[in-house]
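K.L.:
Sharing a sequence plus its predicted fold:
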Amino acid sequence: MSCPGYQPAFGTGQLDGSKYAGLNCTCWSASRAADDDSCGAKKPTASQVRLWTGDTSGGTTLAQVDDALRTHEGIDLDTRYRYPWDLFVKRVSGGASAILQGWYAPIRDSRFGGSDTFGGNHAVLVTPGLVVMDPLADGRRPGIYKYQKEQYPEALLRTFAARLNIGGGTYKPLGDGLCYAAFTRDNEPDYLAVVRPRTGEKYRYFGVYTVVNNAIVSATRARTGGFSATCSSPRLYKWPGHTSQSLVRLTSGFRAGQYIRSEYAKGV
């Protein structure tokens with residue numbers, strides 16, 4: 001079973017009035033991970049996940065919610081600690097979603113902030129395209145960001161992940177280039193982008209697009225003698241002042257991270 005392009009419903013954020021609402025960021029993210037992994041067939045609430053963990057003392061771990069979903073929903077997340085950031089981006093770009101834990105201050109201080117004051121350990125769900133479902137992003141009052149299926153800057157998420165406090169009462173950041181994450185299964189077909197010169201020509205000219213916050217901000221012309229690279233599934237991106245473009249994000253090779261038109265990509 002696959003469901004290309006499926007996005008879990010945000011619903012109510014973690015601050016839903018339940019007993020452990022203020023501590024339920026990982027449970028909330030796990031509930032949406034279950035929705036994503038099952039293509040919408042299983043939609044436990046954050047409170048249900050919390051109950052399944054048996055934890056009544058505070059925030060929960062990735063291992064706890066992974067065990068809860070496996071035991072009660074038959075969903076087995078791939079939980080990784082000190083996982084390389086570049087592999088995280090590659091897997092999420094390729095079609096998996098992931099619960100990502102980190103230190104909230106960098107997000108709080110950005111335009112995506114879901115709190116005015118909170119800056120400690122937190123968890124979000126990151127879906128393909130680096131679209132972030134932050135359980136605090138419920139727009140509950142002016143100045144609080146409201147989830148709208150936006151892509152977050154990779155640099156912001158990398159900093160969030162790197163600054164996760166793994167020292168308990170004494171702050172000790174995880175470190176740049178690493179993350180704590182629990183991945184859903186890949187619900188997107190694998191794609192390969194192939195750019196080759198036309199018959200009789202030495203080079204192929206093609207567009208390379210810059211995407212920020214899920215919108216195209218610029219495009220440049222590039223030249224190649226030919227290359228192939230794995231890539232994300234095609235997605236439509238708005239381009240203010242221009243026609244929207246269907247693009248893929250390259251996930252391997254020296255052009256990894258670049259966006260090109262989806263006409264060069266095919267499922268494999």
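P.N.:
Here it is on my side, so go on.
K.L.:
only C-alpha atoms for contact and neighbour calcs from this point on.
P.N.:
Will do.
K.L.:
Return the distance of the nearest residue to Met133 once chain neighbours are set aside relative to Gly167.
P.N.:
Of all residues not flanking Met133 in the chain, Leu125 sits nearest, at 5.1 Å (Cα to Cα, 6 or more residues apart in numbering). In this structure, Leu125 and Gly167 are 23 Å apart, going by Cα to Cα, to the nearest Å.
K.L.:
and the two? which has more neighbours close in?
P.N.:
Neighbours around Leu125 and Gly167, counted as other Cα atoms under 10 Å, are more numerous at Leu125. The numbers are 28 against 10.
K.L.:
Any figure for the gap between the nearest residue to Gly167 once chain neighbours are set aside and Leu164?
P.N.:
Nearest in space to Gly167, with sequence neighbours left out and distances taken as Cα to Cα, 6+ apart, is Pro173 at 7.4 Å. Distance of Pro173 to Leu164, computed by Cα to Cα: 5 Å.
K.L.:
Likewise for Tyr6?
P.N.:
As for Tyr6, its distance to Leu164 is 29 Å (criterion: Cα to Cα).
K.L.:
before we move on, what about Gly17?
P.N.:
In this view, Gly17 and Leu164 are 26 Å apart by Cα to Cα.
K.L.:
the more surrounded of those two?
P.N.:
Leu164 (26 against 9).
K.L.:
Domain-wise, how is the chain divided?
P.N.:
The chain breaks down into these domains under automatic domain parsing: 21-183, 191-267.
K.L.:
which residues in the stretch 1-150 of the chain form strands?
P.N.:
Taking DSSP state E, counting those that start in this stretch to define them, one finds strands in the stretch 1-150 of the chain at 78-84, 98-103, 121-127, 131-133.
K.L.:
for the ones you listed, which one sits closest to Ala21?
P.N.:
The minimum distance between Ala21 and the strands of the stretch 1-150 of the chain falls on strand 121-127, with 12.8 Å, by Cα to Cα.
K.L.:
looking at the chain, which helix or strand is least sure?
P.N.:
strand 265-267 (a mean of 83; mean pLDDT, DSSP states H and E).
K.L.:
List the neighbouring strands of that one plus their orientation.
P.N.:
Note on strand 265-267: by DSSP bridges, its sheet partners are strand 191-195 (antiparallel).
K.L.:
For the partner strand, give me every contacting residue.
P.N.:
204, 224, 226-233, 250, 262, 264-268 (Cα atoms under 8 Å, 6 or more residues apart in numbering).
K.L.:
what number of residues lie near the residue nearest to Ala265 when sequence neighbours are not counted?
P.N.:
Closest residue to Ala265 apart from its sequence neighbours, by Cα to Cα, 6+ apart: Ala193 at 4.0 Å. Per other Cα under 10 Å, the neighbour tally for Ala193 reads 24.
K.L.:
Would you mind measuring from Ala193 to Glu73?
P.N.:
Using Cα to Cα, we find Ala193 at a distance of 36 Å from Glu73.
K.L.:
Kindly check the end-to-end length of stretch 257-266 for me.
P.N.:
18 Å.
K.L.:
can you give me how far that stretch is from the chain middle?
P.N.:
Distance, stretch centre to chain centre, for stretch 257-266: 19 Å (Cα atoms, centre = their mean, to the nearest Å).
K.L.:
so what's the residue nearest to Gly167 up against?
P.N.:
Contact partners of Pro173, counting by Cα under 8 Å, 6+ apart, are 162-167.
K.L.:
rerun at 7 Å
P.N.:
Pro173 is in contact with 162-166, counting by Cα atoms under 7 Å, 6 or more residues apart in numbering.
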